[in-house]
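# just a sequence and a predicted model for now, questions to come.
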Amino acid sequence: MNLTRIALAALAALAAYFIVGGIFFAVPAMKTEFAKYPAIYRSGDAINSVMAVGVFGTLLAISAATVMFALMHPAGAGISAGIRFGALLAIFMLGSFVLHNHMLLNIGWRQSGLQGIAYSAEWFAVGVVISLVYRA
């Protein structure tokens, strides 16, 4: 494992995560769904006050994923490995976060479905970016 490549891949994947997330969560359908549940989700202003915690948590998760990728592919791997890894991350997120939160939170299927699409896209991008940067 190369620690410099792990750090660079994790930072690049973090950027990809927030770029993809920014695109999805700016969609009016997502904003409308979140607004339906003000007792559950923070407002935009309230999110800003705890944003650092969320960014740190996401970096922590992406760093763990990057180390897992490096353990599976110590010399790096091509785009196909990144696609497979990203798909596995997306599936893991669907089960451990989206569906689990649907059970815990008093939200509708539309909200869960939109989150499933957005988080799957984010984590798929994370897996692909990790593979592209870690092999460089």
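Received, thanks. Numbering: from 1, shown residues only.
# end to end on stretch 88-107, go ahead and measure it.
25 Å (CA to CA, to the nearest Å).
# which outside residues touch that stretch?
By CB atoms under 8 Å, 6 or more residues apart in numbering, the surrounding residues in contact with stretch 88-107 are 37, 40, 65, 109, 112, 115-116, 119-124, 126-127. Where you see a C-beta, it was placed from the backbone N, CA and C, and this is true even at glycine.
# same for the helix or strand in which residue 17 is found, what does it pack against?
Using DSSP states H and E, residue 17 maps to helix 3-25. Helix 3-25 sits against helix 51-72, helix 109-134, with contacts defined as 3 or more CB pairs under 8 Å, 6 or more residues apart in numbering; DSSP states H and E.
# any chance of those in TSV, with distance to residue 8 too?
TSV is the format used below for these (distance: least, CB to CB, whole Å):
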stretch	distance to residue 8
helix 51-72	9
helix 109-134	6
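# pick the most deeply packed of those helices.
helix 109-134 (a mean of 21; mean count of other CB atoms under 10 Å).
# next, the angle from it to helix 51-72.
Here helix 109-134 runs at an angle of 50 degrees relative to helix 51-72 (axes from the mean of the first three to the mean of the last three CA atoms, to 10 degrees).
# what mean pLDDT does helix 109-134 have?
The average pLDDT within helix 109-134 is 97.
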